[in-house]
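Asks: model the following, please.
(one chain, ligands or ions: 2)
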Amino acid sequence: MIRVLVNGADGRMGSQVVKAVVADNELELVGGVSISHIGEDLGEIAGIGALGLAVRAGLGTAVDELKPDVVVDFTTPQAVYGNVKTCIAHGVDIVVGTTGLTEKQREELGEEAKRGDTSLFIAPNFSIGAVLLMKVSADIAAYFPDAEIIELHHNNKLDAPSGTAVMTADKIAAARRKAGAVPAPDRTRESLEGARGASVQAVPVHSVRLPGYVAHQEVLFGGYGEILTVRHDSLDRKSFMPGVILAVKKVSSRKGLTFGLENYL
Ligand SMILES: NC(=O)C1=CN([C@@H]2O[C@H](COP(=O)(O)OP(=O)(O)OC[C@H]3O[C@@H](n4cnc5c(N)ncnc54)[C@H](OP(=O)(O)O)[C@@H]3O)[C@@H](O)[C@H]2O)C=CC1
Ligand SMILES: O=C(O)C1=N[C@H](C(=O)O)C[C@H](O)C1
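Replies: Ligands and ions are numbered 1, 2, ... in the order given. I've put the predicted structure just below:
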């Protein structure tokens, strides 16, 4: 049995992870941590009935006392860097779904994990459909280097652009370089700053935040008299759970940083 502790256990994603871990017979949920709902039952919060496990405060103390094999982190862009450091310092493997880490922070944490002989897995998106959308976007970019991303999320999302959009833009840029495919220069002069979105590796990214959305992304490729659009929709946070469970089971197989769910598929 792999002993799992969920950080951010009372959140939208954390409570789904609680349910998914409890439902898997190779995993054992040993606890959950957050900054609110302290003392409340993890199962009650997740809507599956009492589990006899209370939400705890303090990741380091919880790791010391509950001795998980793996911590799963779905917290906030502000908290995640410190959380990973805490896990590495305590010698526990960590699966990170929280977005907002910069490339520099990610690499830094990867080095620290390697030095600490721990395993760190980070994925901006755990849904298989989103991973495939990124893969085909990279394939298409070799032929259609002119691309723009529209990502659409619920209005409680704290970061923009989304981690998925950044990773998609990075993959498109890498595919362009590999193929020697150069996008047409953007000659637009914005009369209002931001009108053309954020430029991530020269890929414009437009972030929509509205109640009603869960997590969605379109990648639009412009060609000679044609447009190719790929779109993925996470309609329910359940869509992320097979990927999270896979990562929990695989994380210990590689020390240091592994970035992206495609590494496990
Ligand atoms: N990789 C992927 O596939 C996915 C990634 N995400 C990412 O996951 C993250 C969480 O998203 P979501 O669940 O919607 O957000 P929520 O706000 O619903 O959940 C975050 C939870 O973390 C708690 N929290 C905040 N700070 C800390 C801390 N220092 N230690 C422990 N717990 C803390 C919050 O408590 P409180 O409520 O009191 O603030 C909250 O309950 C985001 O970065 C999001 O982008 C989301 C979906 C899929
Ligand atoms: O905050 C979310 O909800 C999501 N965040 C991730 C991201 O930033 O890409 C993954 C997914 O889009 C849902």
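
Asks: helices of the protein, start to end?
Replies: Secondary structure of the chain, counting by DSSP state H: helices at 12-22, 42-46, 59-66, 80-89, 103-115, 128-141, 163-179, 241-250.

Asks: which one of the ones you listed lies nearest to ligand 2?
Replies: Among these, the nearest to ligand 2 by C-beta to the nearest ligand atom is helix 163-179 (3.3 Å). Quick note: C-beta positions are derived from backbone N, CA and C, even for glycine.

Asks: what's next to stretch 242-260, contact-wise?
Replies: For stretch 242-260, the surrounding residues in contact (C-beta atoms under 8 Å, 6 or more residues apart in numbering) are 2, 4, 17, 20-21, 24, 26-27, 69-70, 72, 93-95, 97, 106-107, 109-111, 113-114, 117-128, 131, 167, 261, 264.

Asks: how many neighbours does residue 76 have?
Replies: Residues near residue 76, counting by other C-beta atoms under 10 Å, number 16.

Asks: ok, and the closest non-adjacent residue to it?
Replies: residue 158 (5.9 Å; C-beta to C-beta, 6 or more residues apart in numbering).

Asks: was I right about that neighbour contacting residue 98?
Replies: No: in this structure residue 158 lies outside contact range of residue 98 using C-beta atoms under 8 Å: 9.8 Å.

Asks: of these two, who's got more company?
Replies: Taking other C-beta under 10 Å, residue 158 and residue 98 do not tie; residue 98 has more neighbours (26 against 10).

Asks: list the contacts for the closest residue to that one other than its chain neighbours?
Replies: Distances taken as C-beta to C-beta, 6+ apart place residue 80 nearest to residue 98, at 4.0 Å, with adjacent residues excluded. Counting by C-beta under 8 Å, 6+ apart, residue 80 touches 73, 96, 98, 100-101.

Asks: for residue 170, same thing?
Replies: 200-201.

Asks: look up how far residue 164 lies from it.
Replies: As judged by C-beta to C-beta, to the nearest Å, residue 170 and residue 164 stand 11 Å apart.

Asks: which residue is the nearest non-sequential neighbour of the spatially most central residue of the chain?
Replies: Centroid check for the chain by C-alpha atoms, centre = their mean gives residue 124 as the closest residue, at 2.5 Å. Nearest non-adjacent residue to residue 124, counting by C-beta to C-beta, 6+ apart: residue 163, 3.0 Å away.

Asks: excluding its backbone neighbours, what's nearest residue 60?
Replies: Nearest to residue 60 is residue 86, by C-beta to C-beta, 6+ apart, at 5.1 Å.

Asks: mind listing what that neighbour touches?
Replies: Contacts for residue 86 (C-beta under 8 Å, 6+ apart) come out as 59-60, 63.

Asks: tell me which of the residues you listed is nearest to residue 198?
Replies: Closest approach between the contacts of residue 86 and residue 198, by C-beta to C-beta: residue 59, at 31.4 Å.

Asks: domain-wise, how is the protein divided?
Replies: Annotated domains of the chain cover 2-122+238-263, 128-234 [the TED database].

Asks: so which of the ones you listed is the most packed in?
Replies: domain 2-122+238-263 (a mean of 19; mean count of other C-beta atoms under 10 Å).

Asks: OK, now which residue of the stretch 101-250 of the chain is nearest to ligand 1?
Replies: Proximity of the stretch 101-250 of the chain to ligand 1 (C-beta to the nearest ligand atom) peaks at residue 126, 3.7 Å away.

Asks: contacts only, for that residue.
Replies: 97, 240-244, 247, 261.

Asks: let's have those residues in CSV, adding distance to residue 11.
Replies: Formatted as CSV, these follow (distance: C-beta to C-beta, whole Å):
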residue, distance to residue 11
97, 10
240, 12
241, 14
242, 19
243, 17
244, 13
247, 17
261, 20
